[in-house]
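**Q** Quick one, structure for this:
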Amino acid sequence: MITNDKQIDLCIEQICEQGCRYVNQVIEQLEKNKIMDRLNHLNFVQQKILLRELKSIMAVYADTGSCEVRAIDNR
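**A** Numbering: from 1, shown residues only. Here you go, the predicted structure:
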């Protein structure tokens, strides 16, 4: 996948399967240091790598504005 960490790669895959809006929501939560239950198995460094990788993936959508952020359940 993207990183050499299977836990992070699996999270990226699972998050991206939910669509770009969900990915943006996860990015927003991680930027606010709000850890979602589905990510609490990752340590701090892994969470930062995940955030960096998700931002990189979503950079494709930055110019189009095709994805928006909506509130998600932190459970």
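**Q** Just the buried residues of the longest helix along the chain, please?
**A** Scanning the chain for the helix with the most residues, using DSSP state H, yields helix 44-58. Of all the residues in helix 44-58, those buried under the rule 16 or more other CB atoms under 10 Å are 46, 47, 49, 50, 51, 53, 54, 57, 58. From N, CA and C alone the C-beta is placed, and that goes for glycine too.
**Q** what are the ranges of the helices in the protein?
**A** 6-16, 20-31, 44-58.
**Q** In TSV: the ones you listed, plus mean pLDDT and distance to residue 37.
**A** Below are the helices of the chain laid out as TSV (pLDDT from 0 to 100; distance: least, CB to CB, whole Å):
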stretch	mean pLDDT	distance to residue 37
helix 6-16	95	12
helix 20-31	93	11
helix 44-58	94	13
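**Q** now those in JSON lines, with distance to residue 38?
**A** JSON lines is the format used below for the helices of the chain (distance: least, CB to CB, whole Å):
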{"stretch": "helix 6-16", "distance to residue 38": "8"}
{"stretch": "helix 20-31", "distance to residue 38": "9"}
{"stretch": "helix 44-58", "distance to residue 38": "11"}
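**Q** How about the contacts made by the nearest residue to residue 54 once chain neighbours are set aside?
**A** Nearest residue to residue 54 in three dimensions, chain neighbours excluded: residue 27, at 5.2 Å (CB to CB, 6 or more residues apart in numbering). Contacts for residue 27 (CB atoms under 8 Å, 6 or more residues apart in numbering) come out as 51, 54, 55, 58.
**Q** what's the answer for residue 46, then?
**A** 5, 7, 8.
**Q** since we're on residue 42, how many residues are nearby?
**A** Neighbourhood size, residue 42 [other CB atoms under 10 Å]: 18.
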